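Enquirer: sharing a sequence plus its predicted fold:
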Amino acid sequence: RIGTAALAVQVVGSNWPKPHYTLLVTGLCRFQILQLLKEKPYPVAEVEQLDRLEQFTNQHKSEEELGELSEQFYKYAVQLVEMLDMSVPAVAKLRRLLDNLPREALPDILTSIIRTSNQEKLQILDAVRLEERFKMTIPLLVRQIEGLKLLQKTRKPKQDDDKRVVAIRPSRRISHIPSTTEDDEEEEDHDDVVMLEKKIRTSSMSEQALKVCLKEIKRLKKMPQSMPEYALTRNYLELMVELPWNKSTKDRLEIRAARILLDNDHYAMEKLKKRVLEYLAVRQLKNNLKGPILCFVGPPGVGKTSVGRSIAKTLGREFHRIALGGVCDQSDIRGHRRTYVGSMPGRIINGLKTVGVNNPVFLLDEVDKLGKSLQGDPAAALLEVLDPEQNHSFTDHYLNVAFDLSQVLFIATANTTATIPPALLDRMEIIQVPGYTQEEKIEIAHRHLIPKQLEQHGLTPQQIQIPQVTTLDIITRYTREAGVRSLDRKLGAICRAVAVKVAEGQHKETKPDRAEVGEGEDCKEHVTEDAKTESISDTADLALPPEMPILIDFHALKDILGPPMYEMEVSERLSQPGVAIGLAWTPLGGEIMFVEASRMDGEGQLTLTGQLGDVMKESAHLAISWLRSNAKRYQLTNASGSFDLLDNTDIHLHFPAGAVTKDGPSAGVTIVTCLASLFSGRLVCSDVAMTGEITLRGLVLPVGGIKDKVLAAHRAGLKRIIIPRRNEKDLEEIAVNVRQDLTFVMASCLDEVLNAAFDGGFAVKPRVERLNSKL
Ligand code: ADP
C-alpha cells in the first residue's frame with residue numbers, strides 16, 4: 001500500500017456553524033507500508049520512503065529516458081498556464097513556478113491544480129515511478145487544455161479574473177483536498193442522523209411518540225452540532241429508539257411447574273406461596289390481568305426479594321429490582337424535564353431500557369422507606385405507576401410521551417405498612433411474610449443457605465460439615481432476627497474460616513472424640529477453657545487425613561464467631577414487683593419487651609422513658625386511669641394506703657432499650673399488668689408474655705403481628721402468652737410445634753389478663769388488711 005507523508009502546517013478549527021477542521025499539509029514524499037504494527041487507536045506502521053530514494057538512486061539512469069517525457073509535460077503545462085489570464089497574480093506565480101521547480105515535482109503539483117477527480121489524484125499519488133507519473137498526468141493536462149479551448153470558444157472571456165481561475169478549479173474543488181476529513185465527518189454525522197431517523201421510523205413506538213420523535217429529528221437536522229441541545233436531543237432520540245415499545249418476552253406459565261419451582265427455591269412461607277400461585281393462576285387464565293399489585297410485607301431477610309425473583313423465573317420474564325429506600329425526589333421515579341442540564345429519565349423508564357422488554361417483573365424494594373422532600377413526593381409519583389387504571393399511559397417527564405406500563409408486573413416489598421402512604425397502600429394487596437421459627441430456620445439453613453454458601457466459597461460437603469445442633473446454636477446464640485440474613489452471614493463467616501484451613505491444606509478439627517459424644521450441651525461445658533483453645537490452636541497435632549470433613553461444633557463456632565452474643569435472661573428479670581414482659585412488633589420482627597415501673601413520693605406525675613411514640617404514651621395514661629378507677633375493686637393502694645393511686649405518688653414507667661423508638665397500642669395490657677404488680681406488690685410470672693390494646697372500660701382489643709410476637713416469645717423461652725381473644729384466629733398461622741411449646745391465654749378483658757399473669761390469679765380481694773400487709 002502506498003501513501004503520502006505530509007507535514008501538518010496548520011490546523012484551523014471552528015465551531016460555527018458546525019464543529020469542523022481545516023487541515024493544511026505539505027506533502028513530503030511517497031512511502032510504502034511494510035508492516036502494519038497496530039491499528040488502534042491510530043494506525044502505526046513500518047514504512048519505506050519511495051520516491052526520493054528512487055529519484056536519488058536512479059537519477060543518472062532515468063534522466064535520459066525521462067528527458068523527453070518531462071519536456072513534453074513541461075510544454076503542455078506552459079501551454080495550459082498561458083491560456084489563462086497572466087494578469088492574475090496567482091497565474092503569474094504559477095508560470096514562474098513551472099520554470100523554477102524541478103521537473104519531477106511538476107506532475108504532483110499540476111495534478112492538484114487542474115480539474116481532476118479524486119480518483120485521478122490518488123492514482124497520481126500511487127504512481128511511484130516518475131515515468132509513470134508523467135505518462136499519467138499528460139493526458140489530464142491535455143484534457144484540461146481541450147476543455148479550456150472549448151470554453152473559450154463558446155464563451156466570451158470574462159473580465160472577472162478571479163472567476164476565470166475558479167473556472168479551472170471549481171470552487172467545490174478548491175477546498176476539497178484540505179477538507180476531506182471534515183466532509184467525511186459531516187457525512188458521517190449526517191448518516192447517523194439518517195440512520196436514527198430510519199430507526200425511529202422502523203421502531204414500533206406509539207403514534208404519539210413517533211410524532212414527537214420525527215419533530216425532534218427535524219430540529220436535530222437543522223441544529224448545529226455545537227449546540228448543547230444537539231447532544232440532548234440526540235440522547236433523547238436514542239433512548240426513544242431503545243425503549244421496548246413493543247418488545248416483550250413470551251410468558252411460559254405452567255402452574256404446576258411454578259409450584260415446584262417456588263417450593264424448590266423457598267422453604268416454608270406457605271401463605272405467601274399460596275397467594276403467589278393464585279395470582280399466577282389467574283394470570284394464566286386471563287392474560288392481561290389488571291389485578292392488584294402484590295406487596296410483601298415482613299421483616300428483613302425473610303425472602304421477599306428472592307420470592308420476587310422466583311416469580312420472574314417461573315414466568316420466564318426479565319427481573320429488575322428498583323431500590324426505593326431513601327428516594328425522596330419524585331423525579332427519581334418520573335424523570336427530569338428535558339429542560340434541565342443533565343436531565344434523565346426516571347427509574348421506571350431506565351429499568352425498562354435496561355431489561356429491553358416491556359413486560360418484566362419490577363420489584364419495588366422497600367416502598368415503606370420512600371422519603372419526602374421539597375422535590376416532591378415520590379410516593380405520589382408511584383401512584384400513577386402502580387394504578388392499573390392509569391399506568392397504561394405513564395408519562396415520564398423526560399420522555400414527555402406516554403409509555404404503556406400495563407404489561408409490567410409490579411411487586412413491592414416493605415418492612416412495615418405503617419409508613420407506606422395510605423393512597424399507595426390502597427393500590428396494593430398486602431401479603432404478610434412473618435419471621436421464621438427456629439425449626440424453619442434450621443431447615444432453610446440446611447436446604448438452601450449452607451449449600452449456597454459452600455458453593456460460593458468453593459467448598460464441598462466433603463470438606464465441611466455443619467450439624468443441625470450447630471445451626472441451632474448459631475440461630476439462638478449468635479443471631480436474633482426474624483429472617484435469615486444474619487444467619488446466612490454467620491454461615492458465610494464459617495465457610496470463609498474453613499476455606500482458609502482447606503486452602504492451607506491444614507485441617508482444623510475440634511476433637512473428634514468430643515464430636516461423637518458431644519451432642520449434649522453438658523459434656524461440652526466440662527471442657528475447660530484451656531482444652532478448648534488447645535483444640536483450636538494445636539491444629540497440626542490433631543490434623544486429620546484430608547478426606548475427613550471439618551466438623552463445625554460448638555467450640556469451632558466459638559473460635560470462628562467469637563463468644564455467643566445472646567443469652568437467655570428472662571427469669572432473672574422478674575424478681576421484683578413492677579416488671580412485666582410485653583411483646584412488641586418491630587419492622588425487624590417480633591421482640592420481647594420488658595416494661596418496668598417504680599413509684600416514689602411526689603405529686604401524682606407520670607414519667608415515661610424509653611423513646612415512646614404518642615400512641616404508647618396514651619396507652620400508659622389509659623392504663624393508669626383504668627387502674628385508678630378499679631383500685632378499690634382490686635384493693636390496690638399507694639404507699640400510704642390510699643385508693644387514690646397517684647395521691648402523693650409519682651410513677652415512672654420505663655421501656656428499656658431506649659435506642660429503639662416504640663409506638664403502637666399493643667403494650668396496653670403489659671403496662672396494666674406491670675402497674676398492677678407494682679401497686680399490689682406481687683410478682684408477675686416470669687414465663688408470661690402478653691400483648692393487647694386496652695380501652696378505658698377494661699376491654700382487650702386485637703393487635704397485629706401476632707405470629708412475629710409469638711415467635712419472639714418462643715425464641716426467648718417463654719411459656720405462656722396472653723393475647724386478645726379476637727386474635728385467636730391468627731394462631732393458626734403458627735407452626736404446630738411452636739404452638740405445642742406454648743400455652744395461650746385468650747383475654748377479652750383486663751380481668752382475664754391479670755388473672756393469667758399472676759400466679760394464683762388476681763382476683764378481687766375483699767380483705768383490706770392482707771393487702772396492707774403486703775405494702
Ligand atoms: P428480604 O428481601 O425479605 O429482605 P431476601 O429475599 O433478600 O430478604 O432474602 C435473604 C436471603 O435469605 C436470600 O438469600 C434468600 O434466598 C434467603 N431466604 C429467605 N427465606 C428463605 C426461604 N424460605 N427459603 C430459602 N431461602 C430463603
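Expert: Good, I have the coordinates.

Enquirer: which residue, neighbours along the chain excluded, lies closest to Ser297?
Expert: Quick fix: residue 297 reads Val, not Ser. Ala414 (4.9 Å; C-beta to C-beta, 6 or more residues apart in numbering). For every residue, glycine as well, the C-beta is placed using N, CA and C.

Enquirer: burial count for the one you found?
Expert: By other C-beta atoms under 10 Å, 26 other residues sit near Ala414.

Enquirer: what does Asp108 give?
Expert: For Asp108, the neighbour count with other C-beta under 10 Å is 19.

Enquirer: thought it was touching Gly27?
Expert: Yes. Using C-beta atoms under 8 Å, Asp108 is in contact with Gly27, at 7.0 Å.

Enquirer: now the closest residue to the ligand within the stretch 51-200 of the chain: which helix or strand?
Expert: Among the residues of the stretch 51-200 of the chain, Lys199 lies closest to the ligand, at 38.6 Å counting by C-beta to the nearest ligand atom. Per DSSP states H and E: Lys199 is located in helix 180-202.

Enquirer: one step back: let me see the contact set for the residue nearest to Val297.
Expert: Counting by C-beta atoms under 8 Å, 6 or more residues apart in numbering, Ala414 touches Cys295, Phe296, Val297, Glu366, Val367, Asp368, Lys369, Ile420.

Enquirer: could I get the full set of strands for the stretch 601-750 of the chain?
Expert: Here the stretch 601-750 of the chain has its strands, by DSSP state E, counting those that start in this stretch, at 606-609, 649-654, 688-690, 693-694, 700-701, 720-724, 743-747.

Enquirer: winner for burial among the ones you listed?
Expert: strand 688-690 (a mean of 28; mean count of other C-beta atoms under 10 Å).

Enquirer: for that one, name the packing helices and strands.
Expert: Packing partners of strand 688-690 (3 or more C-beta pairs under 8 Å, 6 or more residues apart in numbering; DSSP states H and E): strand 579-586, helix 668-680, strand 720-724, helix 750-757.

Enquirer: what values do phi and psi take at the residue nearest to Val297?
Expert: phi -160, psi 160 (degrees, to the nearest 10).

Enquirer: got the domain ranges for the protein?
Expert: What the TED database lists as the domains of the chain is 1-51, 68-150, 255-432, 436-503+546-567, 571-757.

Enquirer: out of these, flag the one nearest the ligand.
Expert: domain 255-432 (2.7 Å).

Enquirer: do the closest one and the ligand meet at all?
Expert: Yes. Counting by C-beta under 6 Å from any ligand atom, the ligand is contacted by domain 255-432 at His266, Tyr267, Ala268, Met269, Pro300, Gly301, Val302, Gly303, Lys304, Thr305, Ser306, Thr413.

Enquirer: check the offset of that domain from the chain's centre.
Expert: From the chain centre to the centre of domain 255-432 is a distance of 13 Å (C-alpha atoms, centre = their mean, to the nearest Å).

Enquirer: try stretch 677-696
Expert: 46 Å.

Enquirer: counting neighbours, what do you get for Arg477?
Expert: Residues lying near Arg477 (other C-beta under 10 Å) number 18.

Enquirer: Asp192 too?
Expert: There are 11 residues near Asp192, going by other C-beta under 10 Å.

Enquirer: how close does it sit to Leu280?
Expert: 44 Å (C-beta to C-beta, to the nearest Å).

Enquirer: and what of Leu24?
Expert: Leu24 is 70 Å from Leu280, by C-beta to C-beta.

Enquirer: what's the answer for Ala127, then?
Expert: Ala127 is 75 Å from Leu280, by C-beta to C-beta.

Enquirer: nearest spatial neighbour of Ser248, skipping sequence neighbours?
Expert: Asn359 (4.3 Å).

Enquirer: hang on, that neighbour packs against Thr249?
Expert: Yes. Taking C-beta under 8 Å as the definition, Asn359 is a contact partner of Thr249 at 6.3 Å.

Enquirer: quick one: His320 and Pro292, what's the gap?
Expert: In terms of C-beta to C-beta, His320 sits 20 Å off from Pro292.

Enquirer: which one's more surrounded, the two?
Expert: The neighbour comparison of His320 against Pro292 (other C-beta under 10 Å) goes to His320, with 19 against 15.

Enquirer: in space, what's closest to the more buried one - neighbours in sequence excluded?
Expert: Gly351 (4.5 Å).

Enquirer: show me the contacts for the one you found.
Expert: Gly351 sits in contact with His320, Ile322, Pro360, Phe362, where contact means C-beta under 8 Å, 6+ apart.

Enquirer: same thing but 7 Å
Expert: His320, Ile322, Phe362 (C-beta atoms under 7 Å, 6 or more residues apart in numbering).

Enquirer: repeat that for Gln453.
Expert: Gln453 neighbours (C-beta under 7 Å, 6+ apart): Leu491, Gly492, Cys495.

Enquirer: now name the helix or strand holding it.
Expert: With DSSP H and E as the criterion, Gln453 is inside helix 450-456.

Enquirer: how about Glu591?
Expert: Residue-wise, Glu591 maps onto strand 589-601 under DSSP H and E.

Enquirer: what's the spacing between that strand and its chain's center?
Expert: With C-alpha atoms, centre = their mean, you get 41 Å for strand 589-601.

Enquirer: hmm, back to that, look at the residue nearest to Ser248 and report its pLDDT.
Expert: For Asn359, the pLDDT comes out at 86.
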